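*Asks:* below is the sequence, then the predicted model.
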Amino acid sequence: MNQSSPSRVTSSVLEQHDPAWAREFEAMLEAYEQAGGMPDMLRMPRVASAVISGNQVLAVNLVEGVDIQTEEQENGVHARITVAPHTKMDYPVHLCFGMTAEEGLQEITSEFEIGEGSNIGFLAHCTFPNATNLKHVMDADIHVGPDATMRYSESHYHGPQGGIEVVPTTHARVDTGGFLEIDFNLVHGLVGRLDVQFEADVAARGTVELSTKAYGAADDEIKVNEVVRLNGEGARGLTKTRAAVRDRATSEVYTTAEGNAPGAVGHMDCTEIVRGDAVARNVPMVVVRNDRAHVTHEASIGSVNKRELETLMARGLAEEDAVDIVIRGMLK
Amino acid sequence: MNFTGKTAILTVVLGSEMENDILLKVEDLWVQRPGAEVLRGVNLNVRRGDIHVLLGLNGSGKSSLAYTLMGTDGYQADRGRITFDGKDITHLSVTERARLGLTLAWQEPARFEGLPTADYLALGMAKPSRKRVEEALMSVALSPIVYMSRAVDSALSGGERKRIELAAVYTMQPRLAILDEPDSGVDVLCMDDILALVRRMAKEGTAVLLITHRDEMAEMADVASLMCGGAIVQTGSPKDLRDYFAKRCRPHGDLLGYQPWGAEAGGTYQRVVAEEGQE
């Protein structure tokens, strides 16, 4: 086990010369870039960041107001991220998770404590470019303090083999006046098997906005289960799910929104596009326990809109290219 | 002297030149849709570089003709022929027609979630050019700084999407642009910009088949055709056709299912035409 301290790990980013460390760090940076990340951000002293490969913490960079404590475990890492009250950050915290190995298990457990009145963003990239038989488990516990804002964006990059199982689970609590936005996307490489579990409890005047996007092909399996409980007066919740599946891939989206207090407003929006022999399902559930709460849902499952396709084809695009542009745009 | 031979040769040469001048030729085009025959023997010639306006009442078949020319789903010819630059395109796909240089700006433009305007405008360009994309946006009174990165989605108003659609057609530099009511849903202040853009397209060599209800749009055309009941019933100068259209056309009783002004008012367009000859 390795308890990282700010000074030690910060130093490892800037001064570490161990060749094995350097090779792994460079490999992760390369994979990070493939996933859409900007490697230079992981080298900038004024940007808080963490780079984790397998169960190794390769680098952590801390800035004032953001503390990242990490603990290496047998199959992964436990991280505790604390943002001090009233911290405002110009740059999001950059997180890089992944494995360059073909096989294995990575379990990341994390706790996010976002202090009262703070405003912070996280940009996470999870990259598994060579996976053939790999499992990645993320278990996050998020607490957004009163009037605090947290924006968390997680992008995945998987290789072309699809030999990966991804299980991200999130439990979130949003205090009075707090705001939590989570954007999860897996649209590069084959999905493999994805099982997203998310649940949030939102207090008075708090807001949760959740966006999940995935693009499945071949024999990919996508499963999304989201539950938002709007418990406080005036709490607001939005879930937006976009999934596209082709070949023999499957997509199942279950969303639940509960309006449990006066003035609570929730909306669930799911769009799934199906091509070939793929199958998509959407099961929205609306629960209202207060006559002044209002929860709605909209769902659309089908092929790509004909008018959109024909408009692009009228610019000279082949039908398949037009389909790809429409799907990529939807998942952007 | 016997001029008969030379006259015949001259006629053939002139006829051939006139034929070469025609970019789009539509012959006896019939299209059946579920529950209605929307095109009933359309004949139409559009010359290279012309702005050719298509007039007609709602439901007369103008948009159906536009969709059929573009080859969109559900608008395949049951009978007749469409020739584009001498090539029979009657059974070609939308993509194949577009690659020959034919395109359409829909009356109700599509929405594209997540597709930035700049990318959308560059899609149809043989050589994508940022400069031309910016010019195109400015030509429809949209600021490139504001709109280049904005998605062509439902966050934009219908009028904004309409202008972006026109800009996309302009960047493509097609040989024939079919514009289905480019003036509907846009604000009055933008109208001059749209007129200028259509003129600019024609100046750059794009023939325009323009569907409109507005006088100022119709007036700039080189030639006009009038549609009624799924057929072209007259072709002539825009002024003559416009005057005729304004004074004489009334919704066709057979299409509406009732006589809007009573049988004594004439009832059908065809009957008004017949009565005109007796005046």
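*Replies:* Received the coordinates, thanks. Numbers count the residues shown, from 1 in each chain, chains lettered A, B, ... in the order given.

*Asks:* ok and the residue in the stretch 101-250 of chain A nearest chain B?
*Replies:* Here the residue of the stretch 101-250 of chain A nearest chain B is A:R242; by CB to the nearest CB that distance is 8.2 Å. Placement of C-beta: from N, CA and C, glycine included.

*Asks:* and the closest residue in space to that residue that isn't next to it in sequence, what does it touch?
*Replies:* Excluding the flanking residues, the one nearest A:R242 by CB to CB, 6 or more residues apart in numbering or on different chains is A:K213, at 4.5 Å. Contacts for A:K213 (CB atoms under 8 Å, 6 or more residues apart in numbering or on different chains) come out as A:183-187, A:241-243, A:330-331.

*Asks:* report the next helix or strand after the helix or strand hosting the residue of the stretch 101-250 of chain A closest to chain B in sequence order.
*Replies:* In the assignment (DSSP states H and E), A:R242 maps to strand A:236-245. Next helix or strand after strand A:236-245 toward the C-terminus (DSSP H and E): strand A:250-259.

*Asks:* now that next one against strand A:236-245, angle please.
*Replies:* 170 degrees (axes from the mean of the first three to the mean of the last three CA atoms, to 10 degrees).

*Asks:* quick one: list the elements packing against strand A:250-259.
*Replies:* In this structure, strand A:250-259 makes packing contacts with strand A:207-216, strand A:221-230, strand A:236-245, strand A:265-274, strand A:279-288, strand A:294-302, judged by 3 or more CB pairs under 8 Å, 6 or more residues apart in numbering or on different chains; DSSP states H and E.

*Asks:* want to throw those into JSON lines with mean pLDDT?
*Replies:* Shown next, in JSON lines, are the helices and strands packed on strand A:250-259 (pLDDT from 0 to 100):
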{"stretch": "strand A:207-216", "mean pLDDT": "95"}
{"stretch": "strand A:221-230", "mean pLDDT": "97"}
{"stretch": "strand A:236-245", "mean pLDDT": "95"}
{"stretch": "strand A:265-274", "mean pLDDT": "95"}
{"stretch": "strand A:279-288", "mean pLDDT": "95"}
{"stretch": "strand A:294-302", "mean pLDDT": "93"}
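
*Asks:* tell me where the chain has helices.
*Replies:* I'll assume chain A. Counting by DSSP state H, chain A has these helices, from start to end: A:6-15, A:19-34, A:306-313, A:319-331.

*Asks:* wait, chain B
*Replies:* B:4-21, B:62-70, B:94-100, B:117-122, B:130-139, B:144-147, B:158-172, B:188-203, B:215-219, B:238-248, B:253-256, B:269-278.

*Asks:* which stretch in the ones you listed is the model least sure about?
*Replies:* Ranked by mean pLDDT, the helices of chain B end with helix B:269-278 in last place, scoring a mean of 42.

*Asks:* identify the residue spatially nearest to B:S154, adjacent ones excluded.
*Replies:* Nearest residue to B:S154, sequence neighbours excluded (CB to CB, 6+ apart): B:R111, at 5.2 Å.

*Asks:* same check on A:F25?
*Replies:* Nearest one to A:F25, counting by CB to CB, 6+ apart, is A:L58 at 5.0 Å.

*Asks:* can you pull the pLDDT of that neighbour?
*Replies:* pLDDT recorded at A:L58 is 88.

*Asks:* surely it touches A:L42?
*Replies:* No. Taking contacts as CB atoms under 8 Å, A:L58 lies outside contact range of A:L42: 9.5 Å.

*Asks:* overlap in contacts, these two.
*Replies:* Common neighbours of A:L58 and A:L42 (CB under 8 Å, 6+ apart) are A:V51.

*Asks:* the residue of the stretch 151-279 of chain B found nearest chain A: neighbouring residues, count only.
*Replies:* Residue nearest to chain A within the stretch 151-279 of chain B (CB to the nearest CB): B:M172, separated by 5.9 Å. As a burial measure, B:M172 scores 24 neighbours (other CB atoms under 10 Å in any protein chain shown).

*Asks:* in contact with the closest residue to it other than its chain neighbours, which residues?
*Replies:* Excluding its sequence neighbours, the residue lying closest to B:M172 (CB to CB, 6+ apart) is B:G124, at 3.4 Å. By CB under 8 Å, 6+ apart, the residues touching B:G124 are A:315-316, B:98, B:103, B:168-169, B:171-172, B:174.

*Asks:* tell me which two of these sit farthest apart.
*Replies:* Largest separation among these by CB to CB: B:A98 and B:T171, giving 13.4 Å.

*Asks:* can you tell me how far the nearest residue to A:V202 once chain neighbours are set aside sits from A:M268?
*Replies:* Ranked by CB to CB, 6+ apart and with sequence neighbours excluded, the top spatial neighbour of A:V202 is A:A235, at 4.2 Å. In this view, A:A235 and A:M268 are 15 Å apart by CB to CB, to the nearest Å.

*Asks:* of these two, who's got more company?
*Replies:* A direct count of neighbours by other CB under 10 Å for A:A235 and A:M268 places A:A235 higher, at 31 against 25.

*Asks:* so how far is A:G145 from the closest residue to A:M89 other than its chain neighbours?
*Replies:* Closest residue in space to A:M89, ignoring its immediate chain neighbours: A:I120 at 5.3 Å, by CB to CB, 6+ apart. When distance is defined by CB to CB, A:I120 is 11 Å away from A:G145.
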